Structures are given as structure tokens and as C-alpha cells.
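Visitor: Please work out how this folds:
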Amino acid sequence: MANQVSTGAALACTFGATPADFTASSVDVSATTPAGGITDVSPENIPTFGLCTSLANPAVASATAAAGSPVPVPQPCIPELSPWTPGSGRVTMNGISALNNTSQCACAYGGVITVSFPGQVRVTVE
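Guide: Coordinates of the predicted model:
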């Protein structure tokens with residue numbers, strides 16, 4: 001079974017330099033910390049992964065070209081994320097699927113965001 005993702009979860013990006021701390025939008029469930037939903041992808045939910053190394057990121061591509069470097073020149077990460085998928089098939093909050101630790105979301109610059117720690121381990125959602 002998958003674990004519910006809540007505020008304090010740790011996230012990783014395939015192109016990010018550091019983990020990001022997740023902050024859930026939901027306040028409508030009874031839990032020790034707010035629970036996440038699949039639409040929690042704003043900068044308030046997922047602030048940054050430090051530096052980005054994706055050449056699909058215009059800032060990285062520009063800096064890499066300017067440096068004449070054969071490897072990407074990291075630039076500040078400003079994620080542009082799609083909703084998490086798949087989310088819980090059974091648990092919803094105001095009609096939005098709950099976020100679980102097997103969910104992933106994609107960044108417009110090619111990164112895949114995964115949950116490395118759900119923020120808690122007591123609540124399971126399928």
C-alpha cells in the first residue's frame with residue numbers, strides 16, 4: 001500500500017541539485033499535518049530543487065551556450081509542474097485525489113518529481 005503524502009515530505013527531481021520540502025494545500029482532513037492532493041504543484045507546495053541541470057530549461061541552455069560548455073551549466077530551479085499522477089484511486093479531498101508516495105509529476109523542463117519520504121508513515125491510501 002502507498003502512504004499518504006503530507007506537509008514535510010521530501011521530494012526529488014531528476015534534474016535538481018537538492019531535495020525539496022513539500023507543503024500540502026489541504027486543511028480539510030483530520031491528520032497530524034495537512035495532506036497533499038494531486039493538484040499541489042504550485043511554488044507554495046514545491047518551492048525549488050536548488051539548481052537545475054536540464055538543457056530544456058531556457059536559463060540552463062543560455063548559460064551553457066554562453067560558457068561554451070559541453071556540459072549543462074546549472075541555474076536556479078524554478079519548477080513548472082504538471083499535476084501528480086496517478087494519486088489515490090480511493091481517497092479524495094473535496095473531489096481531488098489524495099497524493100501518495102508512488103505518485104510522480106513532471107516538470108516542463110523534463111524533470112520527473114518523485115517522493116523520497118511521504119512526511120509520515122501512518123496513513124495509507126490506495
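
Visitor: Ile78 contacts Ile46, doesn't it?
Guide: No: counting by Cβ atoms under 8 Å, Ile78 stays clear of Ile46, with 10.7 Å between them. For glycine as for every other residue, the C-beta is placed from the backbone atoms N, C-alpha and C.

Visitor: more neighbours, the two?
Guide: Neighbour totals were compared for Ile78 and Ile46, and Ile46 leads with 22 against 14 (other Cβ atoms under 10 Å).

Visitor: quick one: pLDDT of the more buried one?
Guide: For Ile46, the pLDDT comes out at 97.

Visitor: ok, now which ones touch it?
Guide: Ile46 makes contact with 11, 20, 22-23, 40, 79, 81, 113 under the criterion Cβ atoms under 8 Å, 6 or more residues apart in numbering.

Visitor: can you check Pro76 too?
Guide: Under the criterion of Cβ under 8 Å, 6+ apart, the contact list for Pro76 reads 48, 50-52, 59.

Visitor: quick one on the thing from earlier: among the contacts of Ile46, which lie within strands?
Guide: Among the contacts of Ile46, DSSP state E puts 11, 20, 113 in strands.

Visitor: Compute the number of surrounding residues for Gly111.
Guide: Burial of Gly111 is recorded as 24 neighbouring residues (other Cβ under 10 Å).

Visitor: If anything else comes up later, I'll come back, but that's it for now.
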